[in-house]
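Engineer: Here is a sequence with its predicted model. Questions after.
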Amino acid sequence: MKKFFNICCVCGLFLGPFAGAVAQVASPESREEFLASARSLVEPEVPSLETLIEGGVAHPFHPRMEEVTEDVVGRLADIAQRLSPDGTITMRGRRFLLLEGRPVGAGEYLVVEYEGRAYEVLVVEITASSFTLRLNDEELERNL
């Protein structure tokens, strides 16, 4: 009898923690909700590149740039006339446009106030006798 008691105690020690496990198992519905939540965190909905392009992605380095749609060529011509460069210089093999004594290289943005609004205009190219500006998709070459 003592041997039977010892066997029951040993079995109780090993099987005791599993006795309440049946009550702790979650229902299949709650497990599915948990797995769906985990999947949404691991694999988030990312819009396709085409969707982003169609939606108009903002310039990542110049977030203040606003969309200009109407008469861009006319505005760009007026903005270019407002710029009064002092000339061009060449430093280390690169040509720079001198605006108010400050060298501006190709690839740099200029913030120009026009009709109460700030426009970011890209300096595309600088030659010895002219420079090219871009506003959105429109470019304009102006002689010095």
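Structural biologist: Structure received.

Engineer: Output the contacting helices and strands for the longest strand along the chain.
Structural biologist: Assignment by DSSP state E gives strand 117-126 as the longest strand of the chain. Judged by 3 or more C-beta pairs under 8 Å, 6 or more residues apart in numbering; DSSP states H and E, strand 117-126 is in contact with helix 72-82, strand 94-99, strand 102-105, strand 109-114, strand 130-135. Using the backbone N, CA and C atoms, a C-beta is placed for each residue, glycine as well.

Engineer: ok, and for the third one, which residues are buried?
Structural biologist: When neighbours are counted by 16 or more other C-beta atoms under 10 Å, the buried residues of strand 102-105 are found to be V104.

Engineer: other SSEs contacting that strand?
Structural biologist: With contacts defined as 3+ C-beta pairs under 8 Å, 6+ apart, strand 102-105 has these neighbours: strand 94-99, strand 117-126.

Engineer: could those strands be laid out in JSON lines, adding mean neighbour count and distance to D86?
Structural biologist: Below are these laid out as JSON lines (neighbours: other C-beta atoms under 10 Å; distance: least, C-beta to C-beta, whole Å):
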{"stretch": "strand 94-99", "mean neighbour count": "17", "distance to D86": "4"}
{"stretch": "strand 117-126", "mean neighbour count": "17", "distance to D86": "13"}
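
Engineer: how about those strands, which one is nearest E33?
Structural biologist: Distance to E33, taken as C-beta to C-beta, is lowest for strand 117-126 among the helices and strands packed on strand 102-105, at 47.8 Å.

Engineer: Now do the closest one against helix 72-82, angle only.
Structural biologist: For strand 117-126 against helix 72-82, the angle by axes from the mean of the first three to the mean of the last three C-alpha atoms, to 10 degrees is 80 degrees.

Engineer: Need the residues that contact strand 117-126.
Structural biologist: Applying C-beta atoms under 8 Å, 6 or more residues apart in numbering, the contact partners of strand 117-126 are 62, 64-66, 68, 75-76, 79, 88, 95-97, 104-113, 131-135, 139, 141.

Engineer: And this structure, split by domain according to the record?
Structural biologist: Domain assignment for the chain by automatic domain parsing gives 2-42, 72-143.
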